[in-house]
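[1] Here is a sequence with its predicted model. Questions after.
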Amino acid sequence: MQSKNQLNVIHVALKIPFADHLDYQLPRSLSLPPLGARVLVHLGRNKPVVGVVVGFSETSPHGSLKPINEILDNEAFFNDKNLALFKQAAKYYQITLGEMIFTAVPSWFKQVHNKPVPQQKWWQAKSSLEHAEQLLSTAPKQLEVFQYLLNHGPITSKSLTHLTKSAAQVCQLLADKGLAQANELCLVDNQAAIDPGYTLTTDQQTAWSKLQHHDKHFKVMLLDGVTGSGKTEIYIRFIQSLLKQHKQVLLLVPEIGLTPQLFHEISQRINGQMAILHSGLTDSARARVWQHAKTGKLDVVVATRSGIFTPFQNLGAILIDEEHDLSYKQQEGVRYSARDLAVLRGKIEHIPVVLGSATPSLETFNHAQQGQYLWLKLRSRTNHNPLPNIVLQNVNNNKPNMGLSVKSLNAIRLHLTEGNQVLVFLNRRGWSPKLICQECGWVAQCDDCDVYLTYHKHLDLLKCHHCDRRYLVPEFCPACGSQHVETMGVGTEKIAEGLKKNLSTTDVVRFDRDCVKTPKQWQNNLEIVRSGKPCVIVGTQMLSKGHDFPLLSLVVVVNVDNSFFSADFRATEYLAQLLTQVSGRAGRADTKGEVIIQTQFPEHPFFNALFAQGYETFAHQQLTERIQMQFPPATYLAIIRAQHRDSYMLESFLTEMTACCNDNQHVNVLGPIPAMIAKKQKLHRMQIILNGNQRRALHALIRQLKQQFNQNKVQWFIDIDPVSFD
């Protein structure tokens, strides 16, 4: 390292939109900070803020510089490869380096302090139940805690306080007896990995052989397997192989609810240290995962979207489960795609990237078809069960009551009497999506957003699902005074109550954001389902993703027709993915499944393309249409979104911006047009859609607009590769 006399100008990245870094003077009293360390600096006349060291120089073109106030870290909290990722991601998503870094890092590192990350004890059982019962025959409370650790560990002692107020002391007593152990992270050190003696299918063996061939260099591989084809088994064997080479693995999943399930499956099969990383953890817990991954203490990290930025000492591969899922795209702040950044990171670190899905996104499908990605196909289920029988139920002649037709209810009863479980899927929560006057047609709307209000019966309130504002239910129509104000449509709450009335002796378990808000609530519901008793599961999109319900034999899908009328060119792709994923939940064990789709349009060509010919054929057709219509992935898309309280000022601003784009020969411009939700939280929203056949030309135009309109009262931002027009 050079002396501070040679490199006394420090380049500091800050969370600012106008520069990648600012230059600061290193005082003689301070040693040169390491690259990637946090420092405290003044920004303008405000109080000191946290910045990150991203470079050094001997001189600065900016003349007199402000000094660095304090160096907060003795070592970097990310590595050089992370910094390379941050720089390239910032350039691609048209943001500053500081904005990218402060989006990526856990909140602990954004705070003004130089304290070490606090450690926490995670307890887990260390012995068999039989041995514990012998030692604890006279200590029933200790045995109860041990059994809980055996079934739910690793967990903190705080999570055991519902069993005993002295949970920490009881855990320590168990440790003293050799029955439990504490780790400094929520991790597993499985010294007795289970080998199930599983024989791979022909498809799996082919995929596994090709994966092994590409395990030491950059290669993107699409693991395209029907639901139940054994993608997880391939993940596990690949992870085992990499750990034997003393490498680390990052596995991304789309939802928090999927992390414990995959974590448990993998932890039973590998000999190594594992940890979970998602937004449900505390700031310090996320920071601990970063530290332990960076120093090599962790072998496998199972994470959601933001986990793509986790630093590793020796990362060997990145695996993306359900790569098509929209959850991998950040929709607020810096709008990055974790899947796309995984590919970029793999290229930077010269490691393989595996994208797994039963329904690949058309972008990934296109890359695989063109040979840019290695295409590994799993076309048969490991249990050799046939795919479920699809029934398109015409609801025009079979009107639903509380969301379900008589035929659907009869099918549900039949499957329950056979000892099976049933899933009723509806991607709409609440009781009803509208409250409407039967006399004049008035519909309850949010005052702050351009959306209808949803009625929630358990609250007896109307609720906006965009700003969370709540309203009392009017007794009379505010427009005409009529008493005939009624709810219209159906949500998961209404369906669940209808099922409870019709199936009074059967458990009805609801999965949606209203009743499942934490990982613990999710686990509690899963335990009811996995008890093996016949039950009906009612859920939204969170249930379409990778969950294994062995006794599920029937899936009923309610209200799919809205997608046929969407303005989003990807709507049918998303519907096909959703229906295929949900349908795949049926018949996964030893029973042939059945899927009932309630629709007003059973003859729609969409259904024939998807179910008669399969998702791959459907995707080929969709890709051909996209190429003809010049939509992604045949072209490159960006949206400039803007919002303001004054709709006239908003439209004037975007009209001026559009005028600067119209002469560009390589980019088609649409707009300004209202966003699909034209007002949200009292702000009017409009957008310009930029569609180009050359990525370089599209990005050059956006850079030009950023320079030209960098000072404006209208708030605007850029969405590169958008997945939604909301």
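    Nice, I can see it.
[2] hey, let's count contacts and neighbours off CA atoms from now on
    Noted.
[3] So what's the residue count around residue 647?
    By the other C-alpha atoms under 10 Å criterion, the neighbourhood of residue 647 contains 16 residues.
[4] Then the one 3 residues further on?
    By the measure other C-alpha under 10 Å, the count of residues near residue 650 is 23.
[5] wait, what's in contact with the closest residue in space to residue 243 that isn't next to it in sequence?
    Among residues not flanking residue 243 along the chain, residue 299 sits closest, at 7.0 Å (C-alpha to C-alpha, 6 or more residues apart in numbering). Counting by C-alpha atoms under 8 Å, 6 or more residues apart in numbering, residue 299 makes contact with 243, 247-249, 272-274, 293.
[6] max-length strand in the protein?
    strand 667-680 (DSSP state E).
[7] now for whichever helix or strand comes after it, which elements pack on it?
    Elements were assigned by DSSP states H and E; along the chain past strand 667-680, the next helix or strand is strand 683-692. Using 3 or more C-alpha pairs under 8 Å, 6 or more residues apart in numbering; DSSP states H and E as the contact definition, the elements that strand 683-692 packs against are strand 636-644, helix 647-659, strand 667-680, helix 695-708.
[8] Which residues in the second one does the neighbour count mark as buried?
    When you say that, I think you mean helix 647-659. Of the residues in helix 647-659, those buried under the neighbour-count criterion (16 or more other C-alpha atoms under 10 Å) are 647, 650-651, 653-654, 657-658.
[9] can you check the shortest one too?
    Within strand 636-644, the residues scored as buried using 16+ other C-alpha under 10 Å are 636-644.
[10] strands paired with it, and their directions?
    For strand 636-644, the pairing partners within the sheet under DSSP bridges are strand 683-692 (antiparallel), strand 715-720 (antiparallel).
[11] before we move on, the earlier item: ok, which pair from the buried residues of helix 647-659 is furthest apart?
    Greatest spatial distance in the buried residues of helix 647-659: 647 and 658, 16.3 Å, computed using C-alpha to C-alpha.
[12] hmm, back to that, which among the strands paired with strand 636-644 is found nearest to residue 323?
    Closest approach to residue 323 among these is made by strand 715-720 (18.0 Å; C-alpha to C-alpha).
[13] is it fair to say residue 265 lies in a strand?
    No - membership of residue 265 in a strand is not supported by DSSP: H, G, I helix; E, B strand; the rest coil, which gives helix.
[14] Show the pLDDT at it.
    Each residue has a pLDDT score; the one for residue 265 is 81.
[15] From here on, call the first residue 19.
    Sounds good: first residue 19 from here, last item residue 283.
[16] ok, now how distant is it from residue 259?
    When distance is defined by C-alpha to C-alpha, to the nearest Å, residue 283 is 16 Å away from residue 259.
[17] Likewise for residue 372?
    Taking C-alpha to C-alpha as the criterion, residue 372 is separated from residue 259 by 14 Å.
[18] of these two, who's got more company?
    Between residue 372 and residue 259, counting by other C-alpha under 10 Å, residue 372 is the more crowded of the two (26 against 15).
[19] Surely that one is within a helix?
    No - residue assignment for residue 372, taken from three-state DSSP, gives strand, which places it outside any helix.
[20] doesn't residue 340 make contact with it?
    No - with contact defined as C-alpha atoms under 8 Å, residue 372 does not count as touching residue 340 (10.6 Å).
[21] Residue 504 bridge partners, please.
    Partner residues in beta bridges with residue 504: residue 454, with DSSP bridges as the criterion.
[22] In a markdown table: the buried residues of helix 665-677, plus distance to residue 551 and pLDDT.
    Formatted as a markdown table, the entries for those read as follows, by distance: C-alpha to C-alpha, whole Å; pLDDT from 0 to 100:
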| residue | distance to residue 551 | pLDDT |
| --- | --- | --- |
| 665 | 55 | 94 |
| 668 | 56 | 96 |
| 669 | 57 | 95 |
| 671 | 60 | 95 |
| 672 | 58 | 96 |
| 675 | 60 | 94 |
| 676 | 60 | 95 |
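[23] Turn those residues into JSON lines, including distance to residue 82.
    What follows is these, written out as JSON lines (distance: C-alpha to C-alpha, whole Å):
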{"residue": "665", "distance to residue 82": "43"}
{"residue": "668", "distance to residue 82": "39"}
{"residue": "669", "distance to residue 82": "42"}
{"residue": "671", "distance to residue 82": "37"}
{"residue": "672", "distance to residue 82": "38"}
{"residue": "675", "distance to residue 82": "36"}
{"residue": "676", "distance to residue 82": "40"}
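[24] follow-up on the earlier one: distance of the residue nearest to residue 261 from residue 70?
    Applying C-alpha to C-alpha, one obtains 27 Å for the distance of residue 317 from residue 70.
[25] now do residue 335
    Residue 335 sits 27 Å away from residue 70, going by C-alpha to C-alpha.
[26] Please identify which of the two sits among more neighbours.
    The residue with more neighbours, out of residue 335 and residue 70, is residue 70; 32 against 27, by other C-alpha under 10 Å.
[27] residue contacts, the closest residue to that one other than its chain neighbours?
    Nearest-residue entry for residue 70: residue 56, 4.5 Å, with adjacent residues in sequence omitted and distances by C-alpha to C-alpha, 6+ apart. Contacts were defined as C-alpha under 8 Å, 6+ apart; by that measure residue 56 touches 68-71, 89-91, 94, 127.
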